[in-house]
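**Q** I'd like to go over a predicted model; first the sequence, then the structure.
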Amino acid sequence: MKVHITNLYGQSADSTALIAQNMVAKIAQQLGISEAGIYNYPVKSDTAGELTKRLDGIFASFAQGDIMIFQTPTWNDLEFDQALINHVKAYRDSKLIIFVHDVIALMFETNRYLLPKLIAAYNQADVLILPSENMRRVLVKHGLQVKKVLIQGVWDHLYDCPQWFKPPFKRQLSFIGNPQKFSFINDWSTAAVPIRLYAAQPAVSNPAITYAKPLPDVALLPDLQQNGGFGLVWGTDRYWHEYMMYSTSFKLGTYLAAGLPVVVDASNANADLVRQNHLGLVVVSLDEAAYQIQTLSAAEYQELCASVDQFAELLRQGYFTKHVLIDAIFYLLQAPPTSQLYALQTSQQFQPRFLNIQQTLTHLESSSLINLSLADIQLLHSETSQPNAAAALAHELLNIVNLPAGQPVLLSLPQPLTQTEQETFQVTFNAAFYGDGRLNQPFANFPLAQATEIYQQLQQLWEKQDLLLLTERHLETNLFAQAASVAQIVCSPRISAAQLAEIKAAAKQKLVLVLLGSAGHRLAAVLATTGQQVLDLGAQLVEDYANFTAIQPN
Ligand SMILES: O=c1ccn([C@@H]2O[C@H](COP(=O)(O)OP(=O)(O)O)[C@@H](O)[C@H]2O)c(=O)[nH]1
């Protein structure tokens, strides 16, 4: 039995798909796996006979009982990929491992219609390698049935560092990407944290951008390393932003291999990995990233670099790829226990659970809360192609809604969600459970007896606690009479870096209650992701309490 791996040729040298496939094949060869080269061409130019002959050539060294690791997509069209799968299946006792690099239907909205066909192709795999757990969830929701699924986790980036030196501490973001695809670059105006961009300089340049020209890999990594700062993984286009929740970004591995700490969206498929390994900043907005970089000390930066340096050795030497390829072969050929580690759970658990009001309040004893209104959810799903304030808020909300599992933040939603709403949201809503958002107006939302109980439980949350209220205007209320102390900061609609610093300083050792509208969600998320307990109870709570107490007998 021999193991083979497909490898792409014929695309331009700067194609990430080509770079990634060539790298995986190179690592596979170190494991004794032989290469089956595939040339990049439009499959439609072949007749059926020509395609068969082409595949015969690719499979020249493949025999009965062999294993094919198929790196997909080939970008030769799905028809070619399916023909290749059929060809493997035509050999007696052959085995097929499909290594999914990208899912074209989730990458580009115009290709969405291909999803059922792609999943039908993946379903023919004996073992499937997917980029992330989030990708597995979304594919299972849409019909993936393969039982043996492995998660790649992160992209390696082979790099034989010629001379190691510490990246210098600079308040700067490096970004590898074309501004035509990543339009946020054109609007970047934070001169205090310039972006160093690896792309050709446009006719009209942006003063907040330093233009480093595109560089080949061999020059890119030393250049990133020498210039220091942070590597940015970001996308503001709505469909691409969602795709980054499922896919693993190649540039993430590139920055880390060069020794740079990274900045990623809170919803990024690798957000947990960055957080757990202390590899950089996980943020909900670029404003927050700029703020955090401006307030970071040189010592904190060096600590991040030290964690990156250790972790990146795995990437520089291709250990994630080696690991997943070896596991895939074990998984094919060995019974449990190895395979138990990866046993596919049922799809039911991918449907989020909705906590009732009681469970929600109990959960808040040890958690933060971000409470989204129906208007927020509608904004999240509205099409905003223009870079404007609504688009920026929608981007932040998508990050907030997908704060990684394990984050001590409860998201609550207005209930009950209709079946149609749940179907609309299921692609983007990845948390295991959500709270009952009606606690923001107990009197308006519940019968009197229940509202009374809810207010009692809310008040128990801050009983004898030092409270910081973040409000739209100065509030007079006895809702917080049980607290040990109450401080208030009146917030402007768009919170500045200076005000955020003031809030963070005032919040130390306190429970923070955010009594603001939509702007409150991002503020709550910024505070909660840095370890502060914060309850985003909304702008209507105090008025609701006034209405509630007005009808109480004296
Ligand atoms: O000047 C450049 C720009 C890009 N790249 C390569 O292209 C990758 C980024 O490509 P892409 O944005 O397609 O990757 P993604 O992060 O979206 O997966 C980087 O990691 C590099 O390996 C490069 O070598 N030189």
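**A** Done, it's in.
**Q** For the rest of this, base every contact and every neighbour count on C-alpha atoms.
**A** Fine.
**Q** how about the residues of the protein near the ligand?
**A** For the chain, the contact set with the ligand under CA under 6 Å from any ligand atom comprises 16, 176-177, 198, 214-217, 220, 249-251, 254.
**Q** Quick one: buried ones out of these?
**A** With burial judged by 16 or more other CA atoms under 10 Å, the buried subset of the residues of the chain next to the ligand is 176, 177, 198, 214, 220, 249, 250, 251, 254.
**Q** Farthest pair within those?
**A** 214 and 249 (17.9 Å; CA to CA).
**Q** Packing partners of the helix or strand where residue 282 lies?
**A** Assigned by DSSP states H and E, residue 282 belongs to strand 280-283. If you count contacts as 3 or more CA pairs under 8 Å, 6 or more residues apart in numbering; DSSP states H and E, strand 280-283 packs onto strand 262-265, helix 271-276.
**Q** distance between that strand and the chain's centre?
**A** A distance of 11 Å separates the centroid of the chain from that of strand 280-283, by CA atoms, centre = their mean, to the nearest Å.
**Q** Show me what the mean pLDDT comes to for that strand.
**A** Averaging pLDDT along strand 280-283 yields 93.
**Q** Equivalent analysis for stretch 328-347, please.
**A** Mean pLDDT, stretch 328-347: 64.
**Q** now swap in stretch 7-19 and tell me
**A** Mean per-residue pLDDT for stretch 7-19: 95.
**Q** buried sites along that stretch?
**A** Of all the residues in stretch 7-19, those buried under the rule 16+ other CA under 10 Å are 7, 8, 9, 17, 18, 19.
**Q** which residues does the second one contact?
**A** Under the criterion of CA atoms under 8 Å, 6 or more residues apart in numbering, the contact list for residue 8 reads 18, 21, 22, 37, 38, 39, 40, 74.
**Q** among the residues you listed, which ones are buried?
**A** Applying 16+ other CA under 10 Å to the contacts of residue 8 flags 18, 21, 22, 37, 38, 40, 74 as buried.
**Q** on that earlier part again, from the buried ones among the residues of the chain next to the ligand, which land in strands?
**A** Members of those lying in strands (criterion: DSSP state E): 176, 198.
**Q** Please parse the protein into its domains.
**A** Split into domains by the TED database, the chain comes to 3-151, 173-317, 353-551.
**Q** Most tightly packed of the ones you listed?
**A** domain 173-317 (a mean of 20; mean count of other CA atoms under 10 Å).
**Q** Please tell me how far that domain is from the chain's geometric centre.
**A** What separates the centre of domain 173-317 from the centre of its chain is 14 Å, taken as CA atoms, centre = their mean.
**Q** quick one: terminal-to-terminal distance for that domain?
**A** Using CA to CA, to the nearest Å, the end-to-end distance of domain 173-317 comes to 25 Å.
**Q** just the helices in the stretch 51-200 of the chain please.
**A** Assigned helices in the stretch 51-200 of the chain, in chain order: 78-89, 104-107, 115-122, 133-141, 184-187 (criterion: DSSP state H, counting those that start in this stretch).
**Q** ugh, typo on my part, it should be the stretch 351-500 of the chain
**A** Per DSSP H, counting those that start in this stretch, the stretch 351-500 of the chain carries helices over the ranges 357-363, 374-381, 389-401, 419-425, 442-445, 448-462, 497-507.
**Q** What average pLDDT does the fourth one get?
**A** It refers to helix 419-425. Averaging pLDDT along helix 419-425 gives 64.
**Q** Taking helix 497-507 as reference, get the angle to the following helix or strand past the strand holding residue 282.
**A** Next helix or strand after strand 280-283 toward the C-terminus (DSSP H and E): helix 286-295. Interaxial angle of helix 286-295 relative to helix 497-507 (axes from the mean of the first three to the mean of the last three CA atoms, to 10 degrees): 70 degrees.
**Q** Contacts for helix 286-295 next, please.
**A** Contacts to helix 286-295, defined as CA under 8 Å, 6+ apart, come from residues 171, 172, 190, 192, 193, 263, 281, 283, 497, 526.
**Q** What helices and strands are in contact with the helix or strand that it is followed by?
**A** Using DSSP H and E, the helix or strand that directly follows helix 286-295 along the chain is helix 298-316. Helix 298-316 sits against helix 250-257, with contacts defined as 3+ CA pairs under 8 Å, 6+ apart.
**Q** if you average pLDDT over the helix it packs on, what comes out?
**A** So the average pLDDT for helix 250-257 ends up being 98.
**Q** can you list contacts of it?
**A** So helix 250-257 is contacted by 16, 20, 154-159, 176, 221, 224, 231-233, 261-262, 308-309, 312-313, 315-316 (CA under 8 Å, 6+ apart).
**Q** Comparing the helices of the stretch 351-500 of the chain, which yields the minimum mean pLDDT?
**A** When the helices of the stretch 351-500 of the chain are ranked by mean pLDDT, helix 419-425 comes last with a mean of 64.
**Q** Dump stretch 64-74 to CSV, keeping only the CA atoms.
**A** Extracted in CSV, the C-alpha atoms of stretch 64-74 (Å, rounded to 0.1, in the frame of the first residue of the first chain):
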residue,chain,number,x,y,z
GLN,A,64,-5.2,-1.1,-6.0
GLY,A,65,-5.3,-0.6,-2.2
ASP,A,66,-3.4,2.7,-2.2
ILE,A,67,-4.4,5.8,-0.4
MET,A,68,-4.9,9.2,-2.1
ILE,A,69,-4.7,12.4,-0.2
PHE,A,70,-6.6,14.9,-2.4
GLN,A,71,-5.9,18.5,-1.7
THR,A,72,-9.0,20.4,-2.8
PRO,A,73,-10.0,22.6,-4.5
THR,A,74,-7.7,22.2,-7.5
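**Q** so where does residue 329 fall, helix or strand?
**A** In this assignment (DSSP H and E), residue 329 forms part of helix 319-333.
**Q** roughly how far apart are residue 498 and residue 504?
**A** Applying CA to CA to residue 498 and residue 504 gives a distance of 10 Å.
**Q** now do residue 248
**A** As judged by CA to CA, residue 248 and residue 504 stand 32 Å apart.
**Q** now residue 5
**A** Distance, residue 5 to residue 504, using CA to CA: 52 Å.
**Q** correct me, but residue 379 touches residue 396?
**A** No: using CA atoms under 8 Å, residue 379 makes no contact with residue 396, being 10.9 Å away.
**Q** Kindly reformat the helices of the stretch 51-200 of the chain as TSV containing mean pLDDT and distance to residue 435.
**A** Formatted as TSV, the helices of the stretch 51-200 of the chain follow (pLDDT from 0 to 100; distance: least, CA to CA, whole Å):
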stretch	mean pLDDT	distance to residue 435
helix 78-89	97	41
helix 104-107	96	28
helix 115-122	98	31
helix 133-141	87	21
helix 184-187	87	33
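**Q** JSON lines please, covering the ones you listed and showing distance to residue 465.
**A** Shown next, in JSON lines, are the helices of the stretch 51-200 of the chain (distance: least, CA to CA, whole Å):
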{"stretch": "helix 78-89", "distance to residue 465": "60"}
{"stretch": "helix 104-107", "distance to residue 465": "46"}
{"stretch": "helix 115-122", "distance to residue 465": "51"}
{"stretch": "helix 133-141", "distance to residue 465": "38"}
{"stretch": "helix 184-187", "distance to residue 465": "41"}
